[in-house]
Structures are given as C-alpha cells and as structure tokens.
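Engineer: here are the coordinates; sequence isn't available:
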Ligand SMILES: NC(=O)c1ccc[n+]([C@@H]2O[C@H](COP(=O)([O-])OP(=O)(O)OC[C@H]3O[C@@H](n4cnc5c(N)ncnc54)[C@H](O)[C@@H]3O)[C@@H](O)[C@H]2O)c1
Ligand SMILES: [Zn+2]
C-alpha cells in the first residue's frame, strides 16, 4: 500500500503555469517587433543592465578569465575536463552507418553537427557557471561551428565567473543577457545577434517556456525548467543524509519540488525531523523551506515494485537512489532525467563536476527524453544510393505500384522512368509489371 507521510500543498509537474505562458508570449512579441531596442528595455527592466551592445568585448572577457584565482581556475578546468571526457566518450559511441539492405541498395546515416547553437546559462538567483560547461562545451565536442552564449548579469553586473567558464568552454560570442530577452534574441536574431538554429540550456520557468514557444522556428534541446529532485531510500541510510539531499536541491528555487520515496516509516519520520533541524541552520533556508512546504512530499511504499511505480509516476529530473541494491532501480525505472546510484554520490556531484550533463528534463518531460548530451547537437541524417541498373528497376517497380495505390501518378512516373531506362526485365527481386 502507498501512503503519503507528507503531501505537497501545491502541484507542479504536469504543465507550465498559464500566467507564465502569457507573460512569455507578450515578451516574445515585444522582441520580435522591437529588436535591439526591446532587448535593451527588457534588460533594464528585469536585470538593471543598460548597455549599447550586450555582446562582451574581448577585453571584458579577458578580465573575467584573468580575475579567477588559481584555485578557481584549476577547479573550473577540472570540471570542464570531466564533462568534455564523458561527452567525447558518448560521441565515440555514435557511429555513422552504411549498409547494403538489398543487392545494390546502399542506405546510410551520418551525424551532422548543428551549425549555429545558442546556449543559455542561468544566473538570476545564483551565477550557475556549471551550465556553461554543460552547454557550450558539449556543443563544441559535437563539432558545432558557431556556439554563442547568454547569461544574465548577477546583481546588475557582468557575472564574471560565468563569463570565464563560457570563455574557457570555447564560446564564440558571449552576451550579458538573461531571461526571455536572451532566448528571443538568439532565436529570432536582431541587429546585434545573428539568429541560431538551436537553443540549449536550463533556466527558470520563463526561460524554459520561451524555448518551448520558439520550438519549430528553432530546435531546442529539451524542456529544462526549475530543478526537481526525488530521493529513493531505504533503512540502509539515515534521515540526515536524506534531508541533506532534499534541501540541497530545494535551495534552487521556491518552485523546486523535492520528494522522498521510502519503504521505511522510521526513515520517513527521521527525515521530516532532520529537515526541520537543517532548515534552522541552512543559509539558503528561506528558499528551501518554501520549496519544501509547497512542493515537498514523502511517499511511503511497501514493496520495491511500488517504489519503482511511484518513481516513474513522479518522473523527476534527478533521482538519488540510496537503497541496499541501487541497481534494481537502474534496471527497472524508466522515467528519470538522471540517476545517482548509491550514497557515495549525489546530485551536487552531477550538477557541478562529475562529468554527466546537468541539463535535464523537468515537468515530467523525463517520460519522453533524457537530458542534454552531445547527441542532441547532432542531426542524424540519412542518405541512399542505388548502385546497379537492376536494383533501380526492381525498386522502381515496387515504388510505381505503391505510388499508384495512393493516387500519386507523378511519383509513379519518377519510378517508371527508371524502370524504362535501367530495367532490362532481368530484375533481382520482386516481379516487374510493365509500366
Ligand atoms: N532543468 C535543469 O537542467 C536545470 C539545471 C540548472 C538550473 N535549473 C533551474 O534554472 C533556474 C535558474 O533560475 P534563475 O531565475 O536563477 O535564473 P535564470 O537565468 O533562468 O532567469 C533569470 C531571468 O529571468 C527573467 N525573469 C525574472 N523574473 C521575471 C518575470 N517576472 N517575468 C519575466 N522574466 C523574468 C529575467 O530576465 C532574468 O534575467 C532555476 O529554476 C533552476 O532550478 C534547471
Ligand atoms: Zn542542483
């Protein structure tokens, strides 16, 4: 039996808030019609930054990179190396294909890098420099030619550490622009920014919705909005570690759901008590408490099957598994952005450094997509060749008859002309009917 030890006050996880959609639609129209002037107006309104040109100069970028301490530079380099290495290993699994499916018929596919990519790096509440590695660097490993990037100013000033990370990741153009105005500028293009073919990267509800609404005009990586965390645990761990892992991610924002699924009533109660103890001392408790009170849940299950079922229903962005056999969940769960298996790792490792991408699906998008990875920056495009006259005439005869079934006489004629020119009645497969 499944029962709630704590339920959420508000629901998040099925669809975007209609008021956010309306706000974003209006802002998109404003940028589409007003171009650079509108961008400047919105940047002043939302982020308090007034510039003639929001593209950072080489000198401004160099100041940010040179401003890092030795330790900061080392740590960013280390994180980027891990993310680059894993992305490259993933790229190496993506093989081009060429196969002879019938005598003389060659079919294949190639993974072609998307040429122009716009990467968003969030920075409203925290300067999330890690998102620069996750987006810019991954696009570069994919081989994308022009990779541009936007991040908002932090407290009215250029977010220097984000800019350093964007530059070290290999960004070709860096803009100090946030929110819908950044997404719209990259998606539509303005005098200041040439448009991109694809938008990538996480962000708040406005950013995620802007990408969603622009999809079609440009490609997007996935729907990656406010952070969500699910902890699945049994009595092999204690309340302190569960509470730490829940609140650690609740600090992202007041709309970040955190859920515990457990088969231990004692762990459920201990976690509740530990959350209260930690909220009294966590410096970011103001945000984390609101997220916990509004969106926090504790679900008590009896069996492992129930835990998997509830986990798949929640379809959380991050799923931290701390049970006696975490691989059970690796083998049986289907809806998650990323799994963090065992108590030795946790979501913060993935967020910052370990090498897997932290741009992950939210609002149940994990039902149909995984997170950002090098493959999202590649288009898998097919090609075909017919190597012999016999193959051309043989496929042509089928194509002709199948086109006629649909009433497509023009299509049939494309096939027939090849049967007439290349067919000498000695076909390799199927029966040729006179055209
Ligand atoms: N899903 C993922 O992979 C993932 C990864 C990391 C972070 N995140 C999420 O990214 C988000 C970062 O959010 P953030 O706000 O700190 O930074 P952000 O950069 O995403 O958003 C800041 C911008 O939001 C815009 N904005 C703020 N209030 C607005 C309003 N009322 N109307 C219109 N626009 C408004 C402003 O233009 C501002 O520049 C968090 O929710 C975090 O959980 C998600
Ligand atoms: Zn996080």
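Structural biologist: Yes, it's here. Just so we're clear, the structure is a prediction, and the values are computed from it rather than from any experiment. Ligands and ions are numbered 1, 2, ... in the order given.

Engineer: From what I see, residue 48 and residue 153 are in contact.
Structural biologist: Yes: using C-beta atoms under 8 Å, residue 48 is in contact with residue 153, at 7.3 Å. Yep, even glycine has a C-beta here, placed from its N, CA and C like the rest.

Engineer: More neighbours: which of these two?
Structural biologist: With neighbours defined as other C-beta atoms under 10 Å, residue 48 and residue 153 compare such that residue 153 has more, 22 against 12.

Engineer: Enumerate every residue touching the closest residue to that one other than its chain neighbours.
Structural biologist: Residue nearest to residue 153 in three dimensions, not counting chain neighbours: residue 49, with 4.5 Å by C-beta to C-beta, 6 or more residues apart in numbering. Taking C-beta atoms under 8 Å, 6 or more residues apart in numbering, we find residue 49 in contact with 43, 152-153, 156-157, 176.

Engineer: tell me which element the closest residue to ligand 1 within the stretch 251-400 of the chain is part of?
Structural biologist: Per C-beta to the nearest ligand atom, residue 252 is where the stretch 251-400 of the chain lies closest to ligand 1, at 3.6 Å. For residue 252, there is no helix or strand it lies in under DSSP states H and E.

Engineer: who in this protein is up against ligand 2?
Structural biologist: Within the chain, the positions adjacent to ligand 2 are 249, 351 by C-beta under 5 Å from the ion.

Engineer: Which single residue in the chain comes nearest to ligand 2?
Structural biologist: residue 351 (4.0 Å; C-beta to the ion).

Engineer: so that residue makes contact with residue 358?
Structural biologist: Yes: counting by C-beta under 8 Å, residue 351 touches residue 358, with 4.8 Å between them.

Engineer: These two - which one has more neighbours?
Structural biologist: residue 358 (28 against 20).

Engineer: pLDDT wise, what is that one at?
Structural biologist: At residue 358, the model reports a pLDDT of 98.

Engineer: so where does it fall, helix or strand?
Structural biologist: Going by DSSP H and E, residue 358 is not in any helix or strand.

Engineer: so who does it touch?
Structural biologist: 130-131, 134, 202, 350-352, 371.

Engineer: Could you look up the SS state of the closest residue to residue 83 other than its chain neighbours?
Structural biologist: Take residue 83 and drop its neighbours on the chain: the residue closest to it by C-beta to C-beta, 6+ apart is residue 133, 4.7 Å away. Taken by DSSP: H, G, I helix; E, B strand; the rest coil, the conformation at residue 133 corresponds to helix.

Engineer: so who does residue 133 touch?
Structural biologist: Counting by C-beta under 8 Å, 6+ apart, residue 133 has contacts 76, 79-80, 83, 165, 169.

Engineer: What is the neighbour count of residue 107?
Structural biologist: 15.

Engineer: for it, helix, strand, or coil?
Structural biologist: strand.

Engineer: my guess is it meets residue 99, correct?
Structural biologist: Yes: Residue 107 lies in contact with residue 99 (C-beta under 8 Å); the separation is 5.8 Å.

Engineer: re earlier: kindly state the pLDDT recorded for the residue nearest to residue 153?
Structural biologist: At residue 49, pLDDT is 97.

Engineer: Repeat that for residue 12.
Structural biologist: With respect to pLDDT, residue 12 has a value of 72.

Engineer: Likewise for residue 435?
Structural biologist: With respect to pLDDT, residue 435 has a value of 41.

Engineer: Around residue 266, how many other residues sit close by?
Structural biologist: 11.

Engineer: All set now, cheers.
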